[in-house]
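S.K.: Task: produce atomic coordinates for the following.
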Amino acid sequence: MAASPAYGEEKGGSSSLGEPEYGHDPASGGIFASDYKRHDDLKEMLDSNKDSLKLEAMKRIVAMIARGKNASDLFPAVVKNVACKNIEVKKLVYVYLVRYAEEQQDLALLSISTFQRGLKDPNQLIRASALRVLSSIRVPIIVPIMMLAIKEAASDMSPYVRKTAAHAIPKLYSLDSDQKDQLIEVIEKLLADKTTLVAGSVVMAFEEVCPERIDLIHKNYRKLCNLLIDVEEWGQVVIINMLTRYARTQFLSPNQNESLLEESAEKAFYGSEEEDTKDAKAEAASLAKRKPYVMDPDHRLLLRNTKPLLQSRNAAVVMAVAQLYFHLAPKAEVGVIAKALVRLLRSHSEVQYVVLQNVATMSIKRRGMFEPYLKSFYIRSTDPTQIKILKLEVLTNLANETNISTILREFQTYIRSMDKDFVAATIQAIGRCATNIGKVRDTCLNGLVQLLSNRDELVVAESVVVIKKLLQMQPAQHSEIIKHMAKLTDNIQVPMARASILWLIGEYCEHVPKIAPDVLRKMAKSFTNEEDIVKLQVINLAAKLYLTNSKQSKLLTQYVLNLAKYDQNYDIRDRARFIRQLIVPTEKSGALNKYAKKLFLAQKPAPILESSFKDRDHFQLGSLSHLLNAKAVGYQELPDWPDEAPDPSVRNVEVPEWTKCTSREKRKEKVEKPFYSDSEGESGPTESADSGESHHEPESDSEESGSSSSSGTSSSSSEEEDEEEEEEGSGEQSEEKEGEEEEEKRKKRKEKGGLRKAGSPQPLSPMGWAWWPMLSCGPWQLLSPAFGAVRTYELLHRMAGEGLSVEYCFSRRPFPGDPHMVAVQIQISNNTDAEVKSLRVSEPKLLAGMRIQEFPEIESLAPGDTASVVMGIDFCDSTQAANFQLCTHTRHFYVSIQPPVGELMAPVFMSENEFRKEQGKLTGMSEITEKLTLPEKCRSDHAIVQQVTSAANVGRVPCGADNEYRFAAKTVTSGSLVLITLEWREGAAAQLTVNSEKMVIGTMLVKDIIQALAQ
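M.R.: Down below sits the predicted model:
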């Protein structure tokens, strides 16, 4: 018994008189020290000079708040510690202030100056915490201070602070909506932020404050698409949902012309023999009517950049991408989301519920998407009821003539379940399958009739309701089933089932003339004890029998109507009076009596058993409104697709100043221009001799053809030089002198034989302005034989271009306007009977950093003529496509040029020693090695060199070994070295090694070369 007092003393239950009780205070738990001295002690600890004591006190105070105790009397003592240098203490102080600032506004205002000092703190965490607390103080009087703090934080160097500023914007807006205009300015500024940390938060602020200001997104659209993969998960969800709405307002529906195209394709197929005899004008006219859909490159960018997020670990991100594809993608591409959604069905039941709601909606319109995953929707015994019912919904939506037998076998198993709600839903699902698929209707009916003998009354009742709906489709063939159901009226007590049986007997009383009056007799006996829904059907049955078989049922009908006349329910009393006047002819009944049969015995349309998810897709999938099937507060409607595409140029971003040429680069350009243009006649042969390669022998022929070609391009280049000279001004005489001196030095070097400086790899055959006239003359014969045959690509097909066909190739010549651009030679053919005017490039849509130099506008192109032009594209060492519009005087065609990785480089010359030296620097992750087997036709020196140089624009490097081949090149944009080594081992075995600091280019180049060698 000695243990009892000790236990009581420990808990504070048997303390001596005069001593305060500490045991009931929530802050005096086992995790805290036993020498707790109430709030006075906490105040002493907060006033202490030791950070450890302050931290302990703040921990206890926050614990008190967590347990629901009031700690507001400590506010003054806590506020003083905002200036504490210990970050942990500061954080807890901020937590406390956020909790009590709104309740004690007067005391909170005392701390404003401290927070303003915190906003200037060198530590980014303190600055962010100060802003967070400041924005959490719900005091209208400090709105101007909050506004100023948010504006300052939006320009902070730390992205974390800018993120906090974005979080503060909705808080300030909810406090004072009059600040909307100023907040929109801040949002616009933060939307231009290029850090992934800020992106999600500022889009959330945009959605809360000004979701209608879609114009703020235009300039940031491409940036948000490209940043999406690196934003945190919840930011990704917000951005994807916003971009879904944005895309619905800015792009055309990818499925709008689907039916039109199908019709036109059918006509073209069946009438092809006749149409062959028609002229090109008729063909062009029919093509113009079709107007095939061309997806906007920005639309494609969104779909391409969101697709990898289907593999996200966050279910919300996967769901967001799935809804984006469902609402925005072409039908042929929506199927990619099915596998990701099925993967989510292995998650928690809450996630499953939301995913299945969305799958049920999708499976109505896109049934084929989920058919391969049918077994994933089979029901487990451990699934909760709501999950089971949703899976049933999906299975019913996916049912078709091929899989219905499998699904019905599955349903037979489900009917034996102990979950009654689930069994009822299964019976309804069988009814829907029977309605949708005619060939299994009889099978389903027979199965449901067998269920009528089930011991469970709920199963029988649900079966009766479903059978009633199915019988309406073919009543004449199923009189036996109606008779069988009439016998059930004695046993079934569920009101809905009884009412359904009575309705069936009344509706088809002509098929059961002997049974119907007897059922009415039984029901008249129990009329007063029936439910209201059953009474109404008894009255209807009596009226129909009176009209069809009045001899047997006249007295019964009058008896039932008299009972109903004095019923407690006014609906039943009114119905009885109405029917009596309608069917029993009297002097007062009037002309309506003649139409009684037409009113009661009119043929009713068969009911359509539809999914409850049929019309839910007008809500954005994944939203709360879709889940509830009702518009929730704050829901943004999904806009309809526009009839005409808005101007895509609004998303074009101006190139910042820092990307333009510096004055030093301009000076170099100006120095080099006179050299290439003045010495045009002599520079060609001198340089070709300098390069020492045999594949520049045909240069003289090409020069002759160049002289006979049109000089439009060279004249345009001279105009550019004149304009640049005017811009530079006459005051830069010193620069001109430097240029002349540099020119003289180069000429002297040429005369000495063009010796190269050791250790500096130089581009092969530096063909400058001398090559420019030749590029614009012939179609594709300009490439030297050592490079292999030039591969042409189709830019615009004759059918899609309404008679205008465009092809392009990579000429592998330096682009004269800019050495960092890849020269693309374009051949345009006019296959129509009409003249094409004003051929030009417009509205290029390029990724960040990419540039394009359009070809000069072609004023006119006569029927049957072909024009050849050159344009330059800076691909930024990337294989991403350059998208632009090819325009005529009447039409705009969206086209794109995507370079093979081998065309992003230019060949360089280097010795064997230089090659080994550079290769030694590019090891480790910069080296990619692959083994391959050389086919028989590719085991000679000539064949190997030809295949490698056809796959990539590289130069051969001398090599002492017989079984080794070396090639070198530099990327056009950045000038990064790319070194290729092919070592031929015994037999057909070989090893390919690519060294380059551009690992992506190296990897892609290895694949292309192996593919070329395997051909």
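S.K.: how many neighbours does residue 293 have?
M.R.: 15 (other Cβ atoms under 10 Å). C-beta: built from backbone N, CA, C; applies to glycine.
S.K.: any idea how far it lies from residue 245?
M.R.: Look at residue 293 and residue 245: by Cβ to Cβ, to the nearest Å, they are 21 Å apart.
S.K.: in the chain, which ranges drop under the pLDDT threshold?
M.R.: Scanning the chain for pLDDT under 70 picks out 1-38, 257-291, 474-478, 586-591, 606-608, 655-789.
S.K.: 50 - rerun?
M.R.: 1-37, 259-278, 280, 283-284, 286-290, 658-738, 747-788 (pLDDT under 50).
S.K.: Return the distance of residue 228 relative to residue 907.
M.R.: 38 Å.
S.K.: Equivalent analysis for residue 989, please.
M.R.: Remark: distance between residue 989 and residue 907 (Cβ to Cβ) = 27 Å.
S.K.: Compare these two (neighbour count), which wins?
M.R.: residue 907 (25 against 12).
S.K.: and the nearest residue to the more buried one once chain neighbours are set aside, what are its bridge partners?
M.R.: Sequence neighbours aside, residue 955 is the residue nearest to residue 907 in space, at 3.1 Å (criterion: Cβ to Cβ, 6 or more residues apart in numbering). On the basis of DSSP bridges, residue 955 is bridged to residue 968.
S.K.: Now do residue 955: how many residues are near it, please.
M.R.: Burial of residue 955 is recorded as 23 neighbouring residues (other Cβ under 10 Å).
S.K.: Show the contacting residues for it.
M.R.: 764, 907-909, 967-969 (Cβ atoms under 8 Å, 6 or more residues apart in numbering).
S.K.: need the next SSE after the helix or strand that residue 358 is a member of, C-terminal direction.
M.R.: Assessed by DSSP states H and E, residue 358 sits inside helix 349-365. Under the assignment DSSP H and E, the closest C-terminal helix or strand after helix 349-365 is helix 367-370.
S.K.: Pull out the buried residues from stretch 369-378.
M.R.: For stretch 369-378, the neighbour count (16 or more other Cβ atoms under 10 Å) marks 369-370, 373-374, 376-377 as buried.
S.K.: next one: stretch 446-457
M.R.: Buried residues in stretch 446-457 (16+ other Cβ under 10 Å): 447-449, 451-452.
S.K.: Distance across it, terminal residue to terminal residue?
M.R.: In stretch 446-457, first residue to last residue: 18 Å (Cα to Cα, to the nearest Å).
S.K.: what's it in contact with?
M.R.: 408, 412, 415, 420, 423, 427, 430-431, 459-460, 463-464, 466-467, 470, 481, 484-485, 488, 492-494.
S.K.: Can you tell me which of the residues you listed are buried?
M.R.: For the contacts of stretch 446-457, buried by 16+ other Cβ under 10 Å: 408, 415, 423, 427, 430-431, 459-460, 463-464, 466-467, 470, 481, 485, 488, 492, 494.
S.K.: Show only the entries of the residues you listed found in helices.
M.R.: Residues of those located in helices (DSSP state H): 408, 423, 427, 430-431, 459-460, 463-464, 466-467, 470, 481, 485.
S.K.: which one among these gets closest to residue 637?
M.R.: Taking Cβ to Cβ as the measure, residue 431 is the one of those closest to residue 637, at 34.2 Å.
S.K.: what about the strands in the stretch 201-350 of the chain?
M.R.: Taking DSSP state E, counting those that start in this stretch as the criterion, the stretch 201-350 of the chain contains no strands.
S.K.: quick one on the thing from earlier: pick out whichever of the contacts of residue 955 sits closest to residue 539.
M.R.: Set against residue 539, the nearest of the contacts of residue 955 by Cβ to Cβ is residue 969 (93.1 Å).
S.K.: Pull the number of nearby residues for that closest one.
M.R.: 25.
S.K.: tell me the contacts of it?
M.R.: Counting by Cβ under 8 Å, 6+ apart, residue 969 touches 905-908, 952-955, 977-978, 980.
S.K.: Recalculate using a threshold of 10 Å.
M.R.: 761, 763-764, 902, 904-908, 952-955, 976-980, 996, 1005 (Cβ atoms under 10 Å, 6 or more residues apart in numbering).
S.K.: go on, residue 198?
M.R.: 154, 159-166, 190-192, 227, 231, 235.
S.K.: at 7 Å what do you get?
M.R.: Listed by Cβ atoms under 7 Å, 6 or more residues apart in numbering, the contact set of residue 198 reads 159, 162-163, 166, 190.
S.K.: gap between it and residue 840?
M.R.: Separation of residue 198 from residue 840 (Cβ to Cβ) stands at 39 Å.
S.K.: Same check on residue 432?
M.R.: 58 Å.
S.K.: These two: who's more crowded?
M.R.: Neighbour comparison, residue 432 and residue 840: the larger count goes to residue 432, with 21 against 15 (by other Cβ under 10 Å).
S.K.: Determine the three-state secondary structure at the nearest residue to the more buried one once chain neighbours are set aside.
M.R.: Distance criterion Cβ to Cβ, 6+ apart; nearest residue to residue 432, sequence neighbours excluded, is residue 609 at 4.5 Å. Under the three-state scheme (DSSP: H, G, I helix; E, B strand; the rest coil), residue 609 adopts coil.
S.K.: quick revisit: just curious, which of the buried residues of stretch 369-378 is nearest to residue 524?
M.R.: residue 377 (48.2 Å).
S.K.: was I right about that closest one contacting residue 393?
M.R.: No - between residue 377 and residue 393 there is no contact under Cβ atoms under 7 Å: 9.3 Å.
S.K.: For residue 516, give me its contacts.
M.R.: Counting by Cβ under 7 Å, 6+ apart, the residues that residue 516 touches are 505, 509, 545.
S.K.: Out of those, who's the most crowded?
M.R.: When neighbours are counted by other Cβ under 10 Å, residue 505 leads the contacts of residue 516 with 27 neighbours.
S.K.: element containing it, please.
M.R.: Residue 505 is part of helix 495-507, with elements assigned from DSSP H and E.
S.K.: how about the very next helix or strand once past that helix: buried residues?
M.R.: Proceeding N to C from helix 495-507, the next assigned helix or strand is helix 515-525, under DSSP H and E. Neighbour counts over helix 515-525 (16+ other Cβ under 10 Å) mark 515-517, 519-520, 523-524 as buried.
S.K.: Ends of stretch 489-499, what's the gap?
M.R.: Terminal residues of stretch 489-499 are spaced 10 Å apart (Cα to Cα).
S.K.: quick one: residue 862 from residue 435, how far?
M.R.: Taking Cβ to Cβ, one finds residue 862 at 64 Å from residue 435.
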